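**Student:** okay, sequence plus prediction incoming.
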Amino acid sequence: MSTGAPSAPAPLWVSGQRSAADSLRVLAGRARRAFLRWVVCRGDTVAYLRRQGMRIGPHAALLARVEDFGTEPWLIEIGARVSVAAGAVFVTHDGASRVFRERIAGGSAFGNAFAPIRVLDDSMIGLRAIIMPGVTVGPRSIVGAGSLVTSDVPPETVVGGFPARVLCRLDEYERKYRDRMIPGLSSHRGELRRQLTERFWGEAR
Ligand SMILES: CC(C)(COP(=O)(O)OP(=O)(O)OC[C@H]1O[C@@H](n2cnc3c(N)ncnc32)[C@H](O)[C@@H]1OP(=O)(O)O)[C@@H](O)C(=O)NCCC(=O)NCCS
């Protein structure tokens, strides 16, 4: 039960309170974004996110979904040659304050705790990692798959875990990688498939 009057009109995401006019507004917003993304930006994720205010350096490879950069993409900066794997999620605000938010006089309906995220040049964010508000990664750092990153990742460092901890320095990881790598692999998908299926299954698949 609330102990005071809300300081702002109920936001659109509060269930059961949406009027017909609200629904139309939501629909119009979705249509506008879809037009911008698929017609104006021709489905190019980087071009669309740049138009949404995200700073993205040259040769960045963003494999996460547009939605995974959150509701404030304009609070995210991605450096040159950064890779973001599928399923990585960027969090730039603290929704947990909903528990007490409406008791704070003068508070925003969107909360009042936001912080930018920076991924500096030549860094890599692993599959399904979660990057929390205020975090800076890199440059030349790696966030392991499935990590929860709550504090800065120093330059040239590999982190992993939930929450993430330092696993090793970049040069150690590179040394290990070179020792374990499969030499002579093709840069063409079809040939790579043949090479790897023969190696692991004993036949081309
Ligand atoms: C983080 C990473 C770079 C580490 O690689 P690595 O050093 O070769 O990893 P290893 O298998 O030698 O493991 C080294 C240690 O790190 C731990 N570790 C490895 N990956 C981890 C991860 N993602 N989260 C937490 N711990 C991890 C291992 O458990 C091991 O710990 P131990 O020494 O206590 O046994 C790699 O595991 C990773 O997550 N790469 C990203 C993969 C990805 O997202 N691919 C997307 C395709 S686009």
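**Tutor:** Sure thing, it's come through.

**Student:** same for whatever helix or strand V46 lives in, what does it pack against?
**Tutor:** Element membership of V46 [criterion: DSSP states H and E] is helix 45-51. If you count contacts as 3 or more C-beta pairs under 8 Å, 6 or more residues apart in numbering; DSSP states H and E, helix 45-51 packs onto strand 55-56, strand 61-62. Any C-beta I mention is one placed from the backbone N, CA and C, and that applies to glycine too.

**Student:** chain center to the least confident helix or strand in the chain by mean pLDDT: distance?
**Tutor:** Lowest by mean pLDDT, DSSP states H and E among the helices and strands of the chain is helix 20-35, with a mean of 90. Distance, stretch centre to chain centre, for helix 20-35: 24 Å (C-alpha atoms, centre = their mean, to the nearest Å).

**Student:** cool, stretch 171-182 as well?
**Tutor:** The chain centroid and the centroid of stretch 171-182 are separated by 27 Å, computed with C-alpha atoms, centre = their mean.

**Student:** how about stretch 177-196?
**Tutor:** Relative to its chain's centre, stretch 177-196 lies at 28 Å (C-alpha atoms, centre = their mean).

**Student:** got the contact list for it?
**Tutor:** Identification of contacts with stretch 177-196 by C-beta atoms under 8 Å, 6 or more residues apart in numbering yields 199, 204-205.

**Student:** I'd like the residues you listed as CSV, with secondary structure, distance to the ligand and neighbour count appended.
**Tutor:** Putting the contacts of stretch 177-196 into CSV (DSSP: H, G, I helix; E, B strand; the rest coil; distance: C-beta to the nearest ligand atom, whole Å; neighbours: other C-beta atoms under 10 Å) gives the following:
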residue, secondary structure, distance to the ligand, neighbour count
R199, helix, 19, 10
A204, coil, 24, 10
R205, coil, 21, 10
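
**Student:** near the ligand, which residues of this protein are found?
**Tutor:** 85, 126-127, 142, 144-147, 158, 160-161, 167, 173, 176 (C-beta under 6 Å from any ligand atom).

**Student:** is it possible to mark the buried ones in those?
**Tutor:** Among those, the ones that count as buried by 16 or more other C-beta atoms under 10 Å are 85, 126-127, 142, 144, 146-147, 158, 160.
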